[in-house]
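Peer 1: sequence isn't available, so here's the structure alone:
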C-alpha cells in the first residue's frame, strides 16, 4: 500500500492529519525515510472537495445546456471565459491552494494525486465515466456557473458601488448589507497594548539655529475636523487617524518626492482595541471549510473591498469616488470596532485607520529624508 508523508504537503490541515495518524515509515513518493506517513486512501475523501469547485471541460464542447436564463454572457463569451481558465486539475489545486510541497516535482505530484483519487467512489457528472485516478490531468475550469450568471459574492461589491454612487445614498435598497456586515464581523482581531503605529507628514519645522527638525506632536495627530476633506475612509468634516505598520509604509502613503523631508510620529497603543482586518484570508485550508464554494465567493468579496481601500488616490478623484469605502468604514465604526486594517498598494506594509485617538499616544517624532523613489512600469 502506497503511503505519503508530511514532507509531501504544505497544507497544514493535511500535515496535521498525517501527524495524527501516528505512523512512521518511508514515503512512497518523495523518498524521505522514517517520516510520519499515511495511506493515500485516507486522504481521498478530503480531496473530493475539489470536484465541487472545478468543473470538467472539453474544448469544442457545447455549453448551451449550462447557460441559465439569467446568464449575462452569450455562448461565445462563455466559451472564451471557460477555455481561458482551462488547466489540469493538479495545476489548479496547486496554484490556488499550495496544497503540495513546493519542492515536490510535478510528475510525483501528479502520481500522488492520481493515487489519492483512485479510491474515490464518486460517480457524478464530473467524472463522466472516467476512472477517478485519471481526472488528475483532465482540463477543468473554476466554478464557471458563477462566472456565467454573475451571481458570485464579488458582484455584490459592484452592485453596492453603483447603487451608492448613482441611486441611493443613505438608505440602500439593492445591496444586501447584512452579508457585508457578517463578513466584516468574521475579520475581527485584537490589537495589543504596546503595539506601535506610524504617521507621516511631508514637511518640517526649524530650530533656533535654522536647522530642520520634525514637526511637533500636535502637528502629527488627527487633523482638526474643520480642515478635513474627503478621504478613502472619512467623509469631509469627520477626522480619522490614518497610520501605518512601519515607517517606510507611512512615508510612502504621503507621496513624497526624492530628497523631501518628512516628519514621522510614532504612536503607542495604551489600550487593547478590536478592529476589522481586511487583509485576513477567508480560507486557511480548502479541507476545513464547510462550503468551500461559498467561502471562495466571500473571499472574493473581501478582496474587492480591501482592494478598493488600497487603491492609490488620484488627483482627479472626487468625493463621490470615496462613497463606497466611506460607507464600509461607517459600517465598521457603527458595529463598535475601533478601526480597520488594509494592505498598502504602494508599500510592503499595512495601513491602519482608527476612528479616534484616545487609545494612542505619540511617544516620539523624527525627521526623515527620502533618498530614493522606485518606479515599476509596464506598457499599456
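Peer 2: Received the coordinates, thanks. Quick caveat: nothing in here was measured; it's all calculated off a predicted structure.
Peer 1: pLDDT at residue 336, what is it?
Peer 2: The score at residue 336 is 94. That number is its pLDDT.
Peer 1: distance of it from residue 325?
Peer 2: Taking Cβ to Cβ, to the nearest Å as the criterion, residue 336 is separated from residue 325 by 19 Å. To be clear about C-beta, it is placed using only N, CA and C from the backbone, and glycine gets the same treatment.
Peer 1: show me which of those two is the more surrounded one.
Peer 2: Taking other Cβ atoms under 10 Å, residue 336 and residue 325 do not tie; residue 325 has more neighbours (21 against 7).
Peer 1: what kind of secondary structure is the more buried one in?
Peer 2: Three-state secondary structure (criterion: DSSP: H, G, I helix; E, B strand; the rest coil) places residue 325 in helix.
Peer 1: one more: residue 140?
Peer 2: Going by three-state DSSP: residue 140 is strand.
Peer 1: state the distance from the residue nearest to it when sequence neighbours are not counted to residue 23.
Peer 2: Nearest in space to residue 140, with sequence neighbours left out and distances taken as Cβ to Cβ, 6 or more residues apart in numbering, is residue 54 at 4.3 Å. In this view, residue 54 and residue 23 are 31 Å apart by Cβ to Cβ.
Peer 1: more neighbours, the two?
Peer 2: Neighbours were tallied for residue 54 and for residue 23 using other Cβ under 10 Å; the higher tally belongs to residue 54 (22 against 14).
Peer 1: tell me the confidence at that one?
Peer 2: In this model, residue 54 carries a pLDDT of 81.
Peer 1: does it touch residue 138 like I think?
Peer 2: No. Residue 54 is not in contact with residue 138 according to Cβ atoms under 8 Å; the separation is 9.7 Å.
Peer 1: list residues touching both of the two?
Peer 2: Jointly contacting residue 54 and residue 138 under the rule Cβ atoms under 8 Å, 6 or more residues apart in numbering are residue 89.
Peer 1: rewinding a little: bridged to the residue nearest to residue 140, which residues?
Peer 2: Beta bridges link residue 54 to residue 142 when assigned by DSSP bridges.
Peer 1: quick one, strands of the stretch 1-150 of the chain?
Peer 2: With DSSP state E, counting those that start in this stretch as the criterion, the stretch 1-150 of the chain has strands at 3-5, 24-25, 35-39, 54-56, 87-88, 139-142.
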